[in-house]
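Trainee: Sequence and computational prediction follow.
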Amino acid sequence: MSRPRPARIELAAADYCGEVLRGLRRTPKRLPSKFFYDARGSALFERICEQPEYYLTRAELEIVDAHAADIADALGAGVALIEYGSGSARKTARLLTALRECAAYVPVEISPSALQGCARRIAALAAGLPIAPVCADFTQFSLAPDVLPPHRRRVVYFPGSTLGNFDDAGALALLRQMRRQIGDSGAALIGIDLRKDAATLEAAYNDAAGVTADFTLNMLARFNRELRADFQLRRFAHRARWNAEASRIETHIVSLAEQDVRVAGWRFHFAAGEAMLVECSCKYSLPQFAALAARAGLRVQRMWTDARQRFSVQLLVPLR
């Protein structure tokens, strides 16, 4: 099998100003969580994963460590692995070690610094593995036909329960995108957080050390640096609460006073106590997620959980 040289990382700056302005003009205001991930935001997220309250990363790593060989057998040899939102690739490194004759690794990451770090880490771990990094928003990512070398099966890898950051329509659209990209013989391997008691869930998104709060408010600091904004961070607060009806944690940035803020030359008014939604983290029951996957033309072929059944890794294949 030929092994092409790793593809060049494209570091073109994303033009996100218009999307930020549209979100601030909405009623109520709402911004997508992808804007968390500049270099500092990516570093803060790695610290979140180390907090004692944040069970998700530990539970998923437990699954990968315990079942890597079984997962690799289910995926088969000659896989081209396409990872949405690669981040630090901690889980990916463990999975790639278990895969047999991996044909290529394609990390798709919106943060250029995180993408560079991921590509270097995997290249050091798997010498000779073709790596084709893509700096992009994975929700708008299309795979160029010349990116992948010959392979037997295309697999989209989406760990970390990030699918839960989308509402039902967004998650469905992303699953349908995966279905198109994997073709009729491919698969998707997805991390899904499971429903549990509200206290555990709220603690995970409100760690005692305040790292998650710093992570959330860094979005505003990023706008100050990059979009000529004048947010005063001390006048805003992080808030994360469980919405049982919607089955999700909802993270808001709350204005602590009535105030006006300028972003890219435009003025926006915030009322005292006004909450701007910046992230949803949906939690699924197993039947609920299976039904969602089916609407996208996928079925759950295999599923692995941690010992306490807090988290799951689901293997989806096309419906026949």
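Mentor: Structure received.

Trainee: Could you give the bridge partners of Val108?
Mentor: Beta bridges link Val108 to Tyr84, Val134, judged by DSSP bridges.

Trainee: my guess is Cys118 contacts Lys91, does it?
Mentor: No - distance between Cys118 and Lys91: 11.5 Å, which falls outside the contact criterion (Cβ atoms under 8 Å). Bear in mind the C-beta positions are built from the backbone N, C-alpha and C, glycine included.

Trainee: Settle it for me: which of these two has more neighbours?
Mentor: Between Cys118 and Lys91, Cys118 has the larger neighbour count (other Cβ atoms under 10 Å), namely 26 against 23.

Trainee: so who does that one touch?
Mentor: 86-89, 92, 107, 109, 133 (Cβ atoms under 8 Å, 6 or more residues apart in numbering).

Trainee: Select, from those, the two members most distant in space.
Mentor: The span of the contacts of Cys118, defined through Cβ to Cβ, is set by Ser88 and Pro133 at 13.6 Å.

Trainee: Apart from its chain neighbours, what residue comes closest to Ile192?
Mentor: Counting by Cβ to Cβ, 6 or more residues apart in numbering, Ser312 is the residue found nearest to Ile192 once chain neighbours are left out, at 4.9 Å.

Trainee: What are the boundaries of the helices in this protein?
Mentor: 17-25, 39-48, 55-75, 90-98, 112-125, 168-182, 198-204, 211-226, 286-295 (DSSP state H).

Trainee: any idea how this structure splits into domains?
Mentor: If you go by automatic domain parsing, the domain ranges for the chain are 18-36+198-282, 55-196+283-318.

Trainee: Now the longest one: average pLDDT?
Mentor: The reference is to domain 55-196+283-318. On average, the pLDDT along domain 55-196+283-318 is 93.

Trainee: Determine how far the last residue of it lies from the first.
Mentor: Counting by Cα to Cα, to the nearest Å, the length from the leading to the trailing residue of domain 55-196+283-318 is 30 Å.

Trainee: related to what we said a few turns ago, what's the closest of the helices of the chain to Asp146?
Mentor: When these are ranked by proximity to Asp146, the top entry is helix 168-182, at 15.0 Å, counting by Cβ to Cβ.

Trainee: list the buried ones in the closest one?
Mentor: Of the residues in helix 168-182, those scored as buried under the neighbour-count criterion (16 or more other Cβ atoms under 10 Å) are 171, 174-175, 177-179, 181-182.

Trainee: for Met186, what are its contacts?
Mentor: Careful, residue 186 is Gly; it's not Met. By Cβ under 8 Å, 6+ apart, the contact list for Gly186 reads 153-156, 317-318.

Trainee: Now Leu24. Nearest residue, chain neighbours left out?
Mentor: Distances taken as Cβ to Cβ, 6+ apart put Phe268 closest to Leu24, at 4.8 Å, once the chain neighbours are dropped.

Trainee: Name whatever forms a beta bridge with that neighbour.
Mentor: Beta-bridge partners for Phe268, by DSSP bridges, are Val261.

Trainee: check contacts around it.
Mentor: Contacts of Phe268 were listed using Cβ under 8 Å, 6+ apart, and they are 24-25, 29, 260-262.

Trainee: So among those, which ones count as buried?
Mentor: Using 16+ other Cβ under 10 Å as the threshold, 24, 29, 261 are the buried ones among the contacts of Phe268.
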